[in-house]
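Engineer: Structure here, sequence nowhere to be found:
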């Protein structure tokens, strides 16, 4: 499967990494730290108030690109921002906005 310029699902090592990090993410969601992160109910990206229950865990560096489920790489995001970001990074999103493209 191809998303943008990234191939997902073709490399067993990538799939193992994603599976392992998703398991870590599930554990991280249960921690007091994550509960504090979502308590305000505000999306990290759009700064909209959506409520804690509507926030998802977004990996700033996506798992498919080697990201990890760590405190330094996850932020609360609304479903819309999480879907829009896909496999991009915040820097790539900013560059796309500067260029006038919206991938």
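Structural biologist: All right, it came through fine. Model, not experiment: these values are computed from the prediction. Numbering: from 1, shown residues only.
Engineer: contact partners of stretch 62-82?
Structural biologist: When contacts are taken as CB atoms under 8 Å, 6 or more residues apart in numbering, the neighbours of stretch 62-82 outside the stretch itself are 3, 6, 8, 14, 17-18, 21-22, 24-25, 28, 33-34, 37-38, 42-46, 48, 50, 54-61, 85-89. (C-beta placed from N, C-alpha, C; glycine too.)
Engineer: let's go with 6 Å and repeat that
Structural biologist: The contact list for stretch 62-82, computed with CB atoms under 6 Å, 6 or more residues apart in numbering, reads 8, 18, 21, 24-25, 28, 37-38, 43-46, 50, 55-61, 87.
Engineer: just stretch 28-48 next, same as before
Structural biologist: By CB under 6 Å, 6+ apart, the list of residues contacting stretch 28-48 from outside reads 49, 50, 51, 52, 55, 69, 75, 76, 77, 78, 81.
Engineer: Start and end of it, how far apart?
Structural biologist: 23 Å (CA to CA, to the nearest Å).
Engineer: Which positions within that stretch qualify as buried?
Structural biologist: Residues 28, 29, 34, 37, 38, 42, 43, 44, 45 are the ones in stretch 28-48 that count as buried (16 or more other CB atoms under 10 Å).
Engineer: least confident pick among those?
Structural biologist: Taking those together, the minimum pLDDT is found at residue 45 (92).
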